[in-house]
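A.B. asks: Quick one, fold the following:
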Amino acid sequence: MRDCYLGIDIGSISTKAAIIDADYRILSSCYIETNGNPIEAVKKAIKMVSIPENYVLRGIGTTGSARKLIGLLLNANIVKNEITAHAIGTLTFHPEVKTILEIGGQDSKVILIRNGMISDYAMNTLCAAGTGAFLSSQAKRLGIDVKEFGNIALESDNPVNIAARCTVFAESDLVHKAQVGYPKKDIVAGLCKSVVLNYLNNVCKGKRIEGPIIFQGGVSKNKGVVKYFEEELKQKILVDENGHLMGAIGVAILSSKAENKEYYDLNIENISFKTIGNECKGCTNRCELLRIYRNEELLDTWGSKCGKY
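C.D. replies: Predicted coordinates:
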C-alpha cells in the first residue's frame, strides 16, 4: 500500500481539495463553492475526491479562512495559513519563482520569494473590488457567464476606464458606461484591466515585483486579467494549470512532511458537526464563545479571553 495525503483549502467563496501521493502527484481534486457553509462544503468535497486503489490516507492538511474549524473537525495533522500553503505548493513545482500573485474569490495577496523563502507578503481583505466575487457580480450584471469574461476581454482593443478602487464606485461607473453605449466587450476589458490596476496599486503598493512571476487563484483563469498583468508589469506571467488548487496542494505537501501521521478514514457523511455560539457572562469581558461539537461531543471552545475555557 502507498501513502497519500489530502489538502483542503476552505475559502469564503470556494473550497478546494487535492489528494497527492508521496511524489506530490495529484491523484484526485475538486473545486466547489463554499456557499457560506464550510462544513457542508468540505463534506461535499470529500465525497468528490477519491483515494485510488492500493493507497491509504496518512495525513490531512487544512488552510484558508476556515482552516482551524475544519482542521479540528477532521483531526488534521497540520493546519497552516494561506501564505505558507501557496508558497510551499508553488516552490515545489516552480522553484525559480520570485513573485506569486494570487486573486481569490474574496481576497487577494502577493507573496515575494527570495532565495527560495518567503521574504515579504501583503493581503487585501477589506474591499472586494479586484477579486473574483467582484468580477462574478459584474458578469451577472452584464448578463455574461464569468467563465467567458476573459475571452470577451481579448476581443477588445479599447478597454474603457472603470473606477475600480471601490466596488460601489465601480458598479456605478459600469452602469454609466453601459447606458451611454460603450460596447460590452470594451466594458468587460475595462473591468479586467481595473482588477489589475486595483491589485497593483493596493496589494502590491511598495512591493518590488520581480520575475519570474506566477499568477494563481480562480481569477488566474481569466485570460483578460492575465493579459493586462503582462501589459502593466511588462513581463510574461506564468499560469499553472493547477494554480487554483495550489493552496490545497501546498498544505497536502506540508501534511506529508509532518511527523504526526495517522491513518485516516474519509467516511464522514454520517458524522454530525455543529457549532453553537453564546456570550459568556462570567466577567466584564463578555466573551463571545463558539463551542464546536462532533456527534454531540464537545471538541473545543473558542473565544475565551481569560482562559476559562
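A.B. asks: Pull out the buried residues from stretch 276-290.
C.D. replies: Residues of stretch 276-290 classed as buried under the neighbour-count rule (16 or more other Cβ atoms under 10 Å) are 280, 287, 290. For the C-beta atoms, the positions are set from N, CA and C on the backbone; glycine is no exception.
A.B. asks: actually stretch 117-127, not the one I typed
C.D. replies: For stretch 117-127, the buried set under the neighbour-count rule, 16+ other Cβ under 10 Å, comprises 118, 121-122, 124, 127.
A.B. asks: pLDDT added to the residues you listed, as a markdown table?
C.D. replies: Written out in a markdown table, the entries for the buried residues of stretch 117-127 read as follows (pLDDT from 0 to 100):
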| residue | pLDDT |
| --- | --- |
| 118 | 95 |
| 121 | 95 |
| 122 | 92 |
| 124 | 79 |
| 127 | 60 |
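A.B. asks: For those residues, give me a markdown table that also has secondary structure.
C.D. replies: Supplementary listing: the buried residues of stretch 117-127 in a markdown table, determined by DSSP: H, G, I helix; E, B strand; the rest coil:
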| residue | secondary structure |
| --- | --- |
| 118 | strand |
| 121 | strand |
| 122 | strand |
| 124 | strand |
| 127 | coil |
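A.B. asks: Quick one: those as JSON lines, columns for distance to residue 234 too.
C.D. replies: Putting the buried residues of stretch 117-127 into JSON lines (distance: Cβ to Cβ, whole Å) gives the following:
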{"residue": "118", "distance to residue 234": "25"}
{"residue": "121", "distance to residue 234": "23"}
{"residue": "122", "distance to residue 234": "21"}
{"residue": "124", "distance to residue 234": "23"}
{"residue": "127", "distance to residue 234": "27"}
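A.B. asks: for this structure, what spans make up the strands?
C.D. replies: Counting by DSSP state E, the segments of the chain that form strands are 2-10, 14-21, 26-33, 55-63, 78-79, 99-103, 108-114, 117-124, 213-216, 237-238, 273-279, 288-294, 297-302.
A.B. asks: Output those strands in TSV; the columns should cover distance to residue 42.
C.D. replies: Supplementary listing: those in TSV, determined by distance: least, Cβ to Cβ, whole Å:
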stretch	distance to residue 42
strand 2-10	6
strand 14-21	6
strand 26-33	10
strand 55-63	9
strand 78-79	13
strand 99-103	21
strand 108-114	22
strand 117-124	23
strand 213-216	21
strand 237-238	30
strand 273-279	9
strand 288-294	13
strand 297-302	15
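A.B. asks: Out of those strands, which is closest to residue 265?
C.D. replies: strand 55-63 (7.6 Å; Cβ to Cβ).
A.B. asks: Compute the inter-axis angle for the closest one and strand 26-33.
C.D. replies: Using axes from the mean of the first three to the mean of the last three Cα atoms, to 10 degrees, the direction of strand 55-63 lies 40 degrees away from that of strand 26-33.
A.B. asks: Return the member of the buried residues of stretch 276-290 nearest to residue 197.
C.D. replies: The shortest gap between residue 197 and any of the buried residues of stretch 276-290 belongs to residue 290, at 38.6 Å (Cβ to Cβ).
A.B. asks: how about the closest one, what does it touch?
C.D. replies: Applying Cβ atoms under 8 Å, 6 or more residues apart in numbering to residue 290 gives the contacts 275-277, 301-303.
A.B. asks: Okay, and the beta partners of it?
C.D. replies: residue 277, residue 302 (DSSP bridges).
A.B. asks: would you list every one of the helices in this protein?
C.D. replies: With DSSP state H as the definition, the chain shows helices at residue ranges 38-48, 67-73, 82-93, 132-142, 149-154, 167-179, 184-198, 223-233, 246-257.
A.B. asks: Comparing those, which comes out most buried?
C.D. replies: Greatest average neighbour count among the helices of the chain goes to helix 246-257 (a mean of 28), per mean count of other Cβ atoms under 10 Å.
A.B. asks: which other helices and strands contact that one?
C.D. replies: Using 3 or more Cβ pairs under 8 Å, 6 or more residues apart in numbering; DSSP states H and E as the contact criterion, the elements in contact with helix 246-257 are strand 2-10, strand 14-21, strand 55-63, strand 78-79, helix 82-93.
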